[in-house]
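Engineer: Pasting the sequence and the predicted model now:
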Amino acid sequence: APEAVGGLLERGVRGRERVPGKHGGGRTPEYAVVPVLIPDEPNALGRLFLTIGESGVNIEDVRLDHSYGLPMGVAQLSVMPEAVDRLASVLREGGYSVH
């Protein structure tokens, strides 16, 4: 039975490697991270995402960092490298601090 399970797992790994895109096992794209300061207040993320939507840039991933007791947090926006300048420009125009 261990051989059968091992074979099943090997076939699963090989199958996953054939799936294209970021969720498969193919080549993972290299993303750039755009850190943006956001206030710790209601609807701050909603306003940020609305501004991002206006940029036309696709956000591949989002990470939020927050320090307790501080009135700000950082949204780390993962995007394709060629989209960094456009996104940063639109966010700055929207009043965001981009680092």
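Structural biologist: Everything's here; your move. As the structure is a prediction and not an experimental result, all values here were calculated from the model. Residues are numbered from 1 along each chain as shown.
Engineer: Now for Leu64, how many residues are close by?
Structural biologist: A count of nearby residues for Leu64, using other Cβ atoms under 10 Å, gives 10. Backbone N, C-alpha and C define where each C-beta goes, glycine included.
Engineer: In contact with it, which residues are there?
Structural biologist: For Leu64, the contacting residues are Leu45, Gly73, Val74, Ala75, Gln76, by Cβ atoms under 8 Å, 6 or more residues apart in numbering.
Engineer: Most neighbours among those, please name it.
Structural biologist: With neighbours taken as other Cβ under 10 Å, the top of the contacts of Leu64 is Ala75, carrying 22 neighbours.
Engineer: export the strand or helix carrying it as PDB, just CAs?
Structural biologist: For Ala75, the enclosing helix or strand under DSSP states H and E is strand 72-79. Included here for strand 72-79 are C-alpha records, laid out as PDB according to Å, rounded to 0.1, in the frame of the first residue of the first chain:
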ATOM      1  CA  MET A  72      -1.800  53.700  10.300                       C
ATOM      2  CA  GLY A  73      -1.200  50.400   8.600                       C
ATOM      3  CA  VAL A  74       0.600  49.300   5.500                       C
ATOM      4  CA  ALA A  75      -1.000  47.600   2.500                       C
ATOM      5  CA  GLN A  76       1.600  45.700   0.500                       C
ATOM      6  CA  LEU A  77       0.300  45.400  -3.000                       C
ATOM      7  CA  SER A  78       1.800  42.700  -5.300                       C
ATOM      8  CA  VAL A  79       1.700  43.700  -9.000                       C
END
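Engineer: Which pLDDT does the model give Phe49?
Structural biologist: Per-residue confidence for Phe49 comes out at a pLDDT of 96.
Engineer: Show me what counts as buried in whichever strand or helix holds it.
Structural biologist: Under the criterion DSSP H and E, the helix or strand holding Phe49 is helix 44-55. Taking 16 or more other Cβ atoms under 10 Å as the neighbour-count basis, helix 44-55 is seen to contain the buried residues Arg47, Leu48, Thr51, Ile52, Ser55.
Engineer: which helices and strands does that helix pack with?
Structural biologist: Secondary-structure packing of helix 44-55 (3 or more Cβ pairs under 8 Å, 6 or more residues apart in numbering; DSSP states H and E): strand 32-39, strand 72-79, helix 84-93.
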